[in-house]
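# Return atomic coordinates for the entry below.
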Amino acid sequence: MGVQVDLESLSEATSGAIGSLLSTTLLYPLDTCKTKYQAEARSHGQRKYRNLSDVLLEAISSRQFFSLYQGLGTKNLQSFISQFVYFYGYSYFKRLYLRKSGSKSVGTKANLILAAAAGACTAIITQPLDLASARMQTSEFGKSKGLWKTITGDNWSDVFDGLGISLLLTSNPAIQYTVFDQLKQRLLARKQMTAKNGSSSVVLSAFSAFVLGAVSKSIATVLTYPAIRCKVMIQASDPIENGTEKPQKKRDKTIYGVLLSIWKREGLLGFFKGLRAQILKTVLSSALLLMIKEKISATTWVLILGVRSILLAKGQARLKSA
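Numbering: from 1, shown residues only. As a prediction, this is how the structure comes out:
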């Protein structure tokens, strides 16, 4: 039974990671524009970027369009690992909870706790890559450093800048996937009731998975957005002025320092700067991720079972030959 649980969790993790990889690559230029826009703080009452499109226009006018892809490799690595760890942990914790509790389903409160636990594991493991990706995206166009130089450019303790707020933001995927699971169960139950032949193989369509993914991510994003912007500003690359770096003070890299800075410079609305851009990017990304995951999960499961059968057959053959 333990092997079965691990294999099903592995299938969930693999399909989720593949979906994340594809959605991240497709939407990366939008992600870069969004991150640079969020990271900018108003200085002396002025802003370099008044709208999200200003970032794109700057890249085009400076002939640095492909710099919108700076950090893509690191982002893909971070995205793949984080989604694999998250989906594996989330699936494993759910199955473990059901087995230990004897329940037939996971309630909303338990789902939130399990999702948050999986998110915490993910945040700790992928924090250095997350920080490096954010700094690459917020660097001046064409001046982004490689992964190793980005990570080793500071003290090793600075590699975990933003970990505290990342742990706080585990509530975001916890809310997202809990809402998604609840909506999915209700939709499948309704389809099951309306099915003429009472078939038990009712599955979500690609469109339904996309819509549910968009709705669930929108709710999670709105509820956690102030923390999201604070995280971006903590992890952002230091601004470059006249060819020299202007390092931020250490207190400006703390949650309290960033909150105070936003409040003084931009007021209450500053905590929601870039909300529409965040919703646009994350909703599209999450909806694509969940849509791809739902469509390939069955295929992934078959492939994993096939690989397992081949490995078992080879193992039995070796035992017989010995």
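
# elements contacting the lengthiest helix in the chain?
Across the chain, the longest stretch assigned as helix under DSSP state H is helix 275-321. When contacts are defined as 3 or more Cβ pairs under 8 Å, 6 or more residues apart in numbering; DSSP states H and E, helix 275-321 packs onto helix 2-26, helix 28-39, helix 206-235. All C-beta spots, glycine's among them, are computed from the backbone N, C-alpha and C.

# So which of those is the most surrounded?
Neighbour counts (mean count of other Cβ atoms under 10 Å) averaged over each of the helices and strands packed on helix 275-321 peak at helix 28-39, with a mean of 23.

# how far is that helix from where the chain is centred?
14 Å (Cα atoms, centre = their mean, to the nearest Å).

# Check which helices and strands it is in contact with.
Packing partners of helix 28-39 (3+ Cβ pairs under 8 Å, 6+ apart): helix 52-61, helix 72-101, helix 108-138, helix 206-235, helix 275-321.

# Adding distance to Ser23, write those helices out as JSON lines.
Formatted as JSON lines, these follow (distance: least, Cβ to Cβ, whole Å):
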{"stretch": "helix 52-61", "distance to Ser23": "19"}
{"stretch": "helix 72-101", "distance to Ser23": "8"}
{"stretch": "helix 108-138", "distance to Ser23": "15"}
{"stretch": "helix 206-235", "distance to Ser23": "10"}
{"stretch": "helix 275-321", "distance to Ser23": "4"}
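
# Select, out of these, the one closest to Leu26.
Leu26 sits nearest to helix 275-321 of all the helices and strands packed on helix 28-39, at 6.9 Å, using Cβ to Cβ.

# what about Asp181, how many residues close to it?
19 (other Cβ atoms under 10 Å).

# which residues does the nearest residue to it once chain neighbours are set aside contact?
Excluding its sequence neighbours, the residue lying closest to Asp181 (Cβ to Cβ, 6 or more residues apart in numbering) is Asn111, at 6.4 Å. For Asn111, the contacting residues are Lys94, Ala174, Tyr177, Thr178, Asp181, Gln182, by Cβ atoms under 8 Å, 6 or more residues apart in numbering.

# Any idea which helix or strand in this protein has the lowest mean pLDDT?
strand 240-241 (a mean of 42; mean pLDDT, DSSP states H and E).

# wait, what's in contact with Val85?
The contact partners of Val85, by Cβ under 8 Å, 6+ apart, come to Ala13, Ala118, Cys121, Thr122, Ile125, Thr126.

# okay, those residues in TSV with pLDDT and distance to Ser205 next?
TSV is the format used below for these (pLDDT from 0 to 100; distance: Cβ to Cβ, whole Å):
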residue	pLDDT	distance to Ser205
Ala13	76	23
Ala118	86	26
Cys121	88	31
Thr122	88	28
Ile125	89	33
Thr126	87	31
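
# Run through who's touching the host helix or strand of Val179.
Element membership for Val179, per DSSP states H and E: helix 171-194. With contacts defined as Cβ under 8 Å, 6+ apart, helix 171-194 is touched by 86, 90, 105-106, 108, 111-112, 115-116, 118-119, 198, 200, 202-204, 208, 212-213, 215-217, 219-221, 223-224, 228, 286, 290.

# now it and helix 275-321, what's the angle there?
Angle, helix 171-194 to helix 275-321, by axes from the mean of the first three to the mean of the last three Cα atoms, to 10 degrees: 70 degrees.

# and the angle for helix 171-194 with helix 108-138?
Using the same axes, to 10 degrees: helix 171-194 against helix 108-138 is 130 degrees.

# mean confidence score for helix 171-194?
The average pLDDT within helix 171-194 is 83.

# Likewise for stretch 61-74?
86.

# picking up where we left off before, worst mean pLDDT among the helices and strands packed on helix 28-39?
Of all these, helix 275-321 has the smallest average pLDDT, which comes to a mean of 79.

# Now do it: distance to the chain's middle.
The chain centroid and the centroid of helix 275-321 are separated by 17 Å under Cα atoms, centre = their mean.
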